[in-house]
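A.B. asks: fold the following for me, if possible:
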Amino acid sequence: QSTTPWELFAHVGWRASGSDAKNWTQVLEVRDIVLLHNRVPRTFERFDAFQSRAGEAWSIEWASAFVSGTARCNTALLTECSFNPTRLAFEPRSEGPSVVPQLDVQVNVVNLHPIAVIADLPMTTREPFTAQARWNGQGGMVQTHVTSASIGNVHAENLAVNGTLHAQHPSRLNWEVNGLTLNNTPIIQETSGQLIGDTSGLALAIHTFTGQIGDEAFALEEPARVSVDAGSAELTLAAMPLRSAGGMIDFSGAFRDANDWNLQARVVHDGLQWGSEKRRLSGISGNLSLTSGSGAPLLEGAIACDEARWKDFIAVDAVGSASGTINAPHVELQAATLPSGDVNAVLDLPLDDLGAARATVAFTDFDLTPVNGLLPPSSIGLSGTASGNLSANGFESFPRIEGDVIPHDVTLTVPYLGTHYEVDGNVEVRPDGFLMDQWTLFDASGAEARFNGTVLHQNFKDWNLDFGIEISDRAMTLMNIPITDDALFYGTASGTGDINVSGFGPMLEIDASLTTGEGTDFALPMDSQSDVDYVDFVRFKKSSTETELPAIPRGTFSNTRINLGIDVENGAQARIVFNRKVGDEIVGNATGHLDLEVNDFEQLDMTGNLEITEGAYHFTLQNWFNKRFDIQPGSTVSWEGDPYDAQLNVATTYTTRASLDPLLPETDDLPGRIPVDLQLQLNGSLLRPGLDFNVAVPTADSRIQALVEGALVSEEEVQRQALGLLTLNQFIPSDPTEAAIGGFIQPAQSTQFLANQLGHWISQIAPAMDVGLDYAQDALSGEQAVGLALSTQLLNDRLHIEGEVGAQTTGTVNADDFQIQDLTVSFDLTEDGGIQLTGHSRQNASLTNAIEGEAVQGVGIRFKWAFDQWGARKNR
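C.D. replies: Below you'll find the predicted structure:
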């Protein structure tokens, strides 16, 4: 009965004719053949067969699209002879045939598949082949050559058999195989020999043999011989030494029947490797024997291995032993693992009932780093050690693995978010995955979160992840993504809320509902975006011998999606970075809500609104000058999808000191250098915002303010003066011949420009301190003015100090000329800065001197509330 279901449909015709029982013919004609194998149809046009008998001569011929051939013999061969496989010859059944037996067969196979299906043959071939055989009573011949053949998962190339058969002398068949694989793994590269049959028995002589175990090639050191005794059917192998560059494997022994064995195998080798260094056995030595027992043959042996590698797992000083019977071996293994740990394993493998097979593994202080190679790429990372006990039951397909794992000092890493957590909890191993119940996570600051997770799999494939994190008491680090050229966003984030990480197959999804905490600094770089145009497809290779360091990957998962709902509370800092190289950015503390969706780290969508409570816009021009515009509370930034097309409603102010003389040249009794506010309003799209300038003198009296407003009646004049204040920290005269910009820059103004840039450079060297250096010189009077502004925050950013010192003189500026102009000291009484104790000393400029005006001091308490509804304010 066939092992695979098949059905045959055809039109069959048969006819026969003859004169008597020894003289007749018959014809078989089959047309329109359909072979249905596993519900897959195969069609053939015809199959014809012609058989005849003429006296003592028999013949048959057949022809079709898949096989053809002829066979001729006589009655003596069919009735008076039998084939002896030990002698490889036909032998008479009695004293001798009355007529010399004759046989001549030739078969041409074009397609073996239909024959293999119907006859239930396990072999298939890819190309046509021919087989021939003859016998004339005293001798004969056999010849065939099969280019390619497969039996199950075994595949052979170039099988050739040819030789002579003899009734009185030994029959000899030469055989050759040039390539044999098992499951696409090379086993034999080339082997040849001779099959010899005579009265003493059958012998298999192996002349050459080149095989492969892993990447190591073994060759037969000397010809080997396997003999089968004609009387007892005992199989004997004197010796078969296989040697390679690294060592040898030797087989010898005898086999009489299923319960009578005496076989030995010995191996001594430097190392065997399969494909890479991560699959290797080093320093192997051992022996194995099969001997007769009361029942099945007994198995006994021992093997030692200096080092064994599989993927990232490394075992050293491994010792194994085997006992039991050949039908049910018992194997024990002990090894140390690197970089730490010990493993003990026991295996019972009843070959006649693999479902009852069982293995146990006990390990202590096992380093978890190699486990990362079994997890989905870059989903999570583990470090630390673990101890535990595992069992594997049933080996008929894939074993059912169960047990418990107890981690020690384990750190969990989420590469996509750049975060690291210490974990406390046990792992329950089930046949379909890993269960982590009620774990506790700790970040670097000691903040805690509750973690529950499952990792499901199908035979360690088709992974299904489901992790849940709950942060309720104290804000925990949630993101720490470094700056990279292609980052869609970066920065640090901490907060409370719920996070779920799930993944199946190629999809990894992170969903979170969070409220930001202290230390959050989220940056959205504008300079990482590029339009898809010609420059994206054409690159010019630089002629340089310098070697660039490879970028550190953040992790690669084929499809990744992140959905974040973030409630931004006061204290969280947000940045919109226009140019990271020169520090052109909007930065500030904000409140509001944002929804972020990231697809494969290639597309970022944002919706929501942020209200800036405190911040600044750092306006730069190729790092030649850097101006800080303070953002007014109540400014907003909102998104409706494209993160680079946010809507701005931001009011900013840049404060400097300048003389009003260039702006009001015809006005007498003007004060000296006084504070001037350059106001910049940004409205509309972030990509193309509308810029509106305004100039104000907040500390001047009403008369001066009215004069300034009158001089800035046109938008063109406002923009011209804004340019002067930005570049030179002074107003531009209306007379072009007196202007500091145009065809040249006066020396005093060049000095002022360099002083501004020097202050910016000092601030970059000491980021905790903001330094402003100002210099001015009147071209007519020769009067000079020098100002130095300093601001910093101390005591965990709760003590704020801002001050200015300056000097104004017509001669050389000395240290005695410097006076404190403005000094403000504030201390946050609460952590969020809602209540603040403040004191100040300020210099009100006189009409003739900006330095020696009247000093005014004050002290007080400042407070601020933030609320969305009026009722919320009353409940505070």
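
A.B. asks: put the alpha carbons of the helix or strand hosting Leu272 into PDB.
C.D. replies: Leu272 is part of strand 260-274, with elements assigned from DSSP states H and E. Extracted C-alpha coordinates of strand 260-274, given in PDB (Å, rounded to 0.1, in the frame of the first residue of the first chain):
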ATOM      1  CA  ASP A 260      24.600  -9.400  19.000                       C
ATOM      2  CA  TRP A 261      26.800  -6.300  18.600                       C
ATOM      3  CA  ASN A 262      30.500  -5.600  19.200                       C
ATOM      4  CA  LEU A 263      31.200  -2.200  17.600                       C
ATOM      5  CA  GLN A 264      33.600   0.500  18.700                       C
ATOM      6  CA  ALA A 265      34.000   4.200  17.700                       C
ATOM      7  CA  ARG A 266      36.800   6.400  18.800                       C
ATOM      8  CA  VAL A 267      37.400  10.200  18.200                       C
ATOM      9  CA  VAL A 268      40.300  12.500  18.900                       C
ATOM     10  CA  HIS A 269      40.100  15.900  17.300                       C
ATOM     11  CA  ASP A 270      41.300  19.500  17.800                       C
ATOM     12  CA  GLY A 271      37.900  21.000  16.700                       C
ATOM     13  CA  LEU A 272      34.800  20.700  14.500                       C
ATOM     14  CA  GLN A 273      33.000  23.700  13.200                       C
ATOM     15  CA  TRP A 274      29.700  24.300  11.500                       C
END
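
A.B. asks: pLDDT weak spots in the stretch 1-150 of the chain?
C.D. replies: Across the stretch 1-150 of the chain, residues meeting the criterion (pLDDT under 70) sit at 1-4, 96-97.

A.B. asks: follow-up on the earlier one: neighbouring strands - and their directions - for the strand holding Leu272?
C.D. replies: In the sheet containing strand 260-274, its partner strands are strand 247-257 (antiparallel), strand 276-291 (antiparallel), by DSSP bridges.

A.B. asks: got the domain boundaries for this structure?
C.D. replies: Here the chain is described, according to automatic domain parsing, as comprising the domains 1-170, 749-863.

A.B. asks: now do the helices in the protein.
C.D. replies: 75-80, 113-119, 534-537, 702-711, 715-728, 747-765, 870-874 (DSSP state H).

A.B. asks: lowest mean pLDDT across those helices, which one is that?
C.D. replies: Mean pLDDT is lowest for helix 534-537 out of the helices of the chain, coming in at a mean of 31.

A.B. asks: any idea how far the closest residue to Leu660 other than its chain neighbours is from Ile406?
C.D. replies: The shortest distance from Leu660 to any non-neighbouring residue, by CB to CB, 6 or more residues apart in numbering, is to Leu670 (4.9 Å). The C-beta positions use only the backbone N, C-alpha and C, and glycine is treated the same way. Leu670 is 81 Å from Ile406, where distance means CB to CB, to the nearest Å.

A.B. asks: the two: who's more crowded?
C.D. replies: Summary of the neighbour comparison: Leu670 and Ile406, criterion other CB atoms under 10 Å, with Leu670 having more neighbours (17 against 14).

A.B. asks: give me the low-pLDDT residue ranges for the stretch 551-700 of the chain?
C.D. replies: Scanning the stretch 551-700 of the chain for pLDDT under 70 picks out 551-558, 570, 582-583, 600-602, 621-625.

A.B. asks: can we see that at 80?
C.D. replies: Within the stretch 551-700 of the chain, the stretches falling below the threshold (pLDDT under 80) are 551-560, 570-571, 578-585, 588, 599-604, 618-627, 644, 667-673, 687.

A.B. asks: quick revisit: wait, the residue nearest to Leu660 touches Ala658, no?
C.D. replies: No - with contact defined as CB atoms under 8 Å, Leu670 does not count as touching Ala658 (11.3 Å).

A.B. asks: so the closest residue to Gln51 other than its chain neighbours versus Tyr617, what's the distance?
C.D. replies: The shortest distance from Gln51 to any non-neighbouring residue, by CB to CB, 6+ apart, is to Ile60 (4.4 Å). When CB to CB is applied, the distance between Ile60 and Tyr617 equals 99 Å.

A.B. asks: quick one, what contacts Arg225?
C.D. replies: 203-206, 237-238 (CB atoms under 8 Å, 6 or more residues apart in numbering).

A.B. asks: please redo it, this time with the cut-off set to 7 Å
C.D. replies: Applying CB atoms under 7 Å, 6 or more residues apart in numbering to Arg225 gives the contacts 203, 205, 238.

A.B. asks: going by neighbour count, which of the residues you listed comes out on top?
C.D. replies: Counting neighbours by other CB under 10 Å, Ala203 comes out on top of these with 19 neighbours.

A.B. asks: now for that residue: which residues touch it?
C.D. replies: 196, 225-227.

A.B. asks: how about Phe467?
C.D. replies: By CB under 7 Å, 6+ apart, the contact list for Phe467 reads 453, 500-501.

A.B. asks: low-confidence bits of the stretch 201-350 of the chain, can you list those?
C.D. replies: Confidence mapping of the stretch 201-350 of the chain against pLDDT under 80 gives the ranges 229-235, 238, 255-261, 293-296.

A.B. asks: now the strands: where do they sit in it?
C.D. replies: 201-213, 216-220, 224-229, 235-244, 247-257, 260-274, 276-291, 298-310, 313-324, 329-338, 342-348 (DSSP state E, counting those that start in this stretch).

A.B. asks: pretty sure Val568 contacts Gly517?
C.D. replies: No - distance between Val568 and Gly517: 10.4 Å, which falls outside the contact criterion (CB atoms under 7 Å).

A.B. asks: more neighbours: which of these two?
C.D. replies: Looking at Val568 and Gly517 with other CB under 10 Å, you find the greater number of neighbours at Val568, namely 24 against 21.

A.B. asks: would you list the strands paired with strand 260-274 in CSV and tack on mean neighbour count and distance to Thr86?
C.D. replies: Below are the strands paired with strand 260-274 laid out as CSV (neighbours: other CB atoms under 10 Å; distance: least, CB to CB, whole Å):
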stretch, mean neighbour count, distance to Thr86
strand 247-257, 16, 16
strand 276-291, 16, 25
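
A.B. asks: could you list which residues are in contact with the closest residue to Leu725 other than its chain neighbours?
C.D. replies: Spatial nearest neighbour of Leu725, excluding adjacent residues (CB to CB, 6+ apart): Leu678 at 4.9 Å. Neighbour list for Leu678: 654, 693, 695, 722, 725 [criterion: CB under 7 Å, 6+ apart].
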